[in-house]
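Asker: here is a sequence with its predicted model. Questions after.
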Amino acid sequence: QVQLVESGGGLVQAGGSLRLSCAASTRTSRPYAMGWFRQAPGKEREFVAAINWSGSSTGYSDSVKGRFTISRDNAKNTVYLQMNSLKPEDTAVYYCAADINRPWVAVVAVDDYDYWGQGTQVTVSS
């Protein structure tokens, strides 16, 4: 079992930056892939970025590619999402997720993830 806690959300002006963190706690040393998703009011949860266990493979949605960067520090059991050049359309609740079945892949499908955090609100003002 993996427990996930997000932090770092907040209110920022368009063009600004935020860094989200996701701290994972687990009772085993089993490797896992990690992903970030977001959900805006009235919309479905959508993929943002993913990273495999070693960090050698990453994936991004077209809407954030070139602006967001996902990274991880396995020694700290933490995954990060650096968000630059933020736009009002980036406003959403951001969730991190863990996939214990495909640790060596940057998993993009929401249904493939096994564990989810509670989410952190990101609001970008125009």
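Answerer: Sure, I can see it.

Asker: now for the spatially most central residue of the chain: which residues touch it?
Answerer: With distances taken as CA atoms, centre = their mean, residue 36 lies nearest the centre of the chain, 2.1 Å away. Residue 36 sits next to 20, 22, 48, 49, 50, 70, 79, 81, 94, 95, 96, 97 when contact means CB atoms under 8 Å, 6 or more residues apart in numbering. Where you see a C-beta, it was placed from the backbone N, CA and C, and this is true even at glycine.

Asker: quick check: which element contains it?
Answerer: Assigning secondary structure by DSSP states H and E places residue 36 in strand 33-39.

Asker: quick check: what element follows that strand along the chain?
Answerer: That would be, after strand 33-39 and using DSSP H and E, strand 46-51.

Asker: returning to what we had before: show me what the residue nearest to the centre of the chain bridges to in the sheet.
Answerer: Residue 36 forms beta bridges with residue 49, residue 96, as assigned by DSSP bridges.

Asker: so what's the residue nearest to residue 45 when sequence neighbours are not counted up against?
Answerer: In space, residue 45 comes closest to residue 39 once its chain neighbours are excluded; the distance is 4.3 Å by CB to CB, 6 or more residues apart in numbering. Listed by CB under 8 Å, 6+ apart, the contact set of residue 39 reads 45, 46, 92, 93, 95, 119.

Asker: again, but for residue 60
Answerer: Residue 60 makes contacts with 48, 49, 68, 70, as judged by CB under 8 Å, 6+ apart.

Asker: beta-bridge partners for it, please?
Answerer: Where residue 60 sits in a bridge, its partners, by DSSP bridges, are residue 49.

Asker: understood, closing this out.
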